[in-house]
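Peer 1: Dropping a prediction and its sequence here:
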Amino acid sequence: MEIKFRANSPLMLDYLRHLFNAEPDEPIRISLANDFGRMAVGLYKSSATPVEQIDDDLTATLVLPRHPTTKSAQFRYVFFTDTDNKRLNLILDALFNIDLDTYYLQGIQAGMPKRDIIEAFIVSRGLVTKDYTETLNKRAYRTSLATIRRQTDLLHRKARYHLSRIDPPERPKK
């Protein structure tokens, strides 16, 4: 069963693809082993007639798992209401923030430079083109590098803000 989900930003769409190991331009197979997947299965609606939905660059096709919860909608049209889509975006953003904060704090405790932590997070989560180092065209390479730097700056500001809101970990005493 396929259902459309519209992310708030390309970053969140890339992160969603990371959560479910989905390739670009392919449907994302939702799993109940993931928090977002359980939320998506819990929020979908079904209809006997097709429901008009937005389909643009930020829209992803999700494939719901076969499960007793989804069995009743197997031969119906499934969709998310606008409210459910907003809820799922909030959940996705919260999962992203938790993942970023955890990664950032672990990097700080390991003594890594902050900028390196953020860049490693971006690359490890596939939030930019993965094959940027293999690009032959210099302009494309610079564009990819600029994208990584923009994402790094954005996430660095977010991490600094989150870190300022919590008590930093204490340094081990020598």
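Peer 2: Sure thing, it's come through.

Peer 1: So which residues of the protein form helices?
Peer 2: 10-19, 35-43, 82-109, 114-124, 138-165 (DSSP state H).

Peer 1: From the rest of the structure, what touches the shortest one?
Peer 2: With contacts defined as CB atoms under 8 Å, 6 or more residues apart in numbering, helix 35-43 is touched by 3, 5, 16, 19-20, 30-32, 62, 64-65, 67, 69-70, 80, 84, 87-88, 91-92, 95. From N, CA and C alone the C-beta is placed, and that goes for glycine too.

Peer 1: buried stuff in it?
Peer 2: 36, 37, 38, 39, 40, 41, 43 (16 or more other CB atoms under 10 Å).

Peer 1: ok, for residue 72, nearest residue in space, not its chain neighbours?
Peer 2: residue 46 (7.3 Å; CB to CB, 6 or more residues apart in numbering).

Peer 1: and the one you found, how many neighbours?
Peer 2: The tally of other residues near residue 46 (other CB atoms under 10 Å) stands at 16.

Peer 1: Identify the residue spatially nearest to residue 97, adjacent ones excluded.
Peer 2: Closest residue to residue 97 in three dimensions, ignoring its sequence neighbours and counting by CB to CB, 6+ apart: residue 162, at 6.8 Å.

Peer 1: Return the distance of stretch 61-76 from the chain's centre.
Peer 2: For stretch 61-76, the separation from the chain centroid amounts to 22 Å (computed by CA atoms, centre = their mean, to the nearest Å).
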